[in-house]
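# sequence first, then the predicted structure:
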Amino acid sequence: MEHEVFVPVPPAHLRDALADPARVARAVPGLQQDAGAAPVSGRLKVRVGSHSVTYRGTVRVTAQDDGTYTAEGDATEARGTGSVKLALTLRVSEADGGCTLAVEGTASADGRLMELPADSVAAAATRLLDRFAENLGTTVTAPEETPEPSVLDTEVPPPALDPVAEVDDLLPDPTPDPAPIPAEIYAEPSEPPAEAAHARRTMIGRSAEEVDHAPPRGRYAPVPAPQTISPGSSLRWAAPAAALALASAIVVTRALRKRR
């Protein structure tokens, strides 16, 4: 097996990704990792033509002294007795705009893969390697570039004269606090007013009921309503008075006649 894939990242960054088992596991397409197991282990579903086969196994990637990496793996079918073993060598070389990942090695299989066409199996292996290299390139984190300082970020020195201080010097002094009010104004008078003293004298010796019902006096006393005299009331008293005068005249006249 020989295959090459172009990856648009620097060679050093791709080598660092191959040396990290966690990033290698994330780059394997369709790998379902087992909890608590090795980084590159779990279930992998491979599609060959119109068929799909699920394997459970482990892959180990090791760095070599010559700068290459070896990948050794073995897996068994999840629903069957077939198995797959592979031994690959991964080599990273510099290229225009990135690097090239070259894969060469051998693989042996039995079980369901032996029943499928060889061309379909080879196409499935090539597609798997292409997606692996593409995913491995996306895990590379490029170093952050330090932005150049901008003119707007330059600190502006403070002015020689503080305009706020100059304005404060020109403004007049604030209004002074008003003079305190003498305490004599708030003091209670020593002697009550004349009206209050008179009212106090008139209420001494009277019961509470009389005080409550007593009419107010002084300037607070109510003004009596004017009495209205109607013509009927005057005539009512004029008739008895006239009758009394007439009777008195008769009595006086008779008395004088008797004396004569």
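Yep, that arrived. Residues are numbered from 1 along each chain as shown.

# CA atoms for contacts and neighbours, from now on please.
Noted.

# from residue 34, how far out is the closest residue to residue 38 other than its chain neighbours?
In space, and not counting its chain neighbours, residue 38 is closest to residue 58: 7.8 Å by CA to CA, 6 or more residues apart in numbering. Distance of residue 58 to residue 34, given as CA to CA, to the nearest Å: 10 Å.

# what is in contact with those two at once?
41, 42 (CA atoms under 8 Å, 6 or more residues apart in numbering).

# these two: who's more crowded?
The neighbour comparison of residue 58 against residue 34 (other CA atoms under 10 Å) goes to residue 58, with 19 against 13.

# need the contact list for the more buried one.
Counted by CA under 8 Å, 6+ apart, residue 58 has contacts 38, 40, 41, 42, 73, 74, 75.

# now swap in residue 70 and tell me
Contacts of residue 70 (CA under 8 Å, 6+ apart): 60, 61, 62, 63, 64, 87, 88, 89, 90.

# do that again at 10 Å, thanks
18, 60-64, 87-91, 103-105 (CA atoms under 10 Å, 6 or more residues apart in numbering).

# tell me the mean pLDDT over the longest helix anywhere in the chain?
Of all the segments of type helix in the chain, defined by DSSP state H, the longest one is helix 231-259. In this model, helix 231-259 has a mean pLDDT of 72.

# show me where the stretch 1-150 of the chain has strands.
Assigned by DSSP state E, counting those that start in this stretch, the stretch 1-150 of the chain shows strands spanning 2-7, 31-33, 41-48, 51-63, 69-77, 83-95, 98-110.

# the ones you listed into JSON lines, with extra columns for distance to residue 239 and mean pLDDT?
Shown next, in JSON lines, are the strands of the stretch 1-150 of the chain (distance: least, CA to CA, whole Å; pLDDT from 0 to 100):
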{"stretch": "strand 2-7", "distance to residue 239": "143", "mean pLDDT": "92"}
{"stretch": "strand 31-33", "distance to residue 239": "135", "mean pLDDT": "87"}
{"stretch": "strand 41-48", "distance to residue 239": "139", "mean pLDDT": "89"}
{"stretch": "strand 51-63", "distance to residue 239": "142", "mean pLDDT": "90"}
{"stretch": "strand 69-77", "distance to residue 239": "146", "mean pLDDT": "92"}
{"stretch": "strand 83-95", "distance to residue 239": "149", "mean pLDDT": "92"}
{"stretch": "strand 98-110", "distance to residue 239": "144", "mean pLDDT": "91"}
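
# quick one: residue 117 and residue 66, what's the gap?
On the measure of CA to CA, residue 117 and residue 66 end up 37 Å apart.

# which of the two has more neighbours?
When residue 117 and residue 66 are compared for neighbours, residue 117 comes out ahead with 11 against 7, by other CA under 10 Å.

# let me see the backbone angles for the more buried one.
Recorded main-chain torsions at residue 117 are phi -60, psi 140, according to degrees, to the nearest 10.

# and residue 82, how far from residue 113?
8 Å.

# and for residue 243?
From residue 243 over to residue 113 (counting by CA to CA), the distance is 157 Å.

# neighbour count winner among these two?
residue 113 (19 against 11).

# where does pLDDT dip in the stretch 151-260 of the chain?
Scanning the stretch 151-260 of the chain for pLDDT under 70 picks out the ranges 151-238, 260.

# now with 50?
Scanning the stretch 151-260 of the chain for pLDDT under 50 picks out 165, 167.
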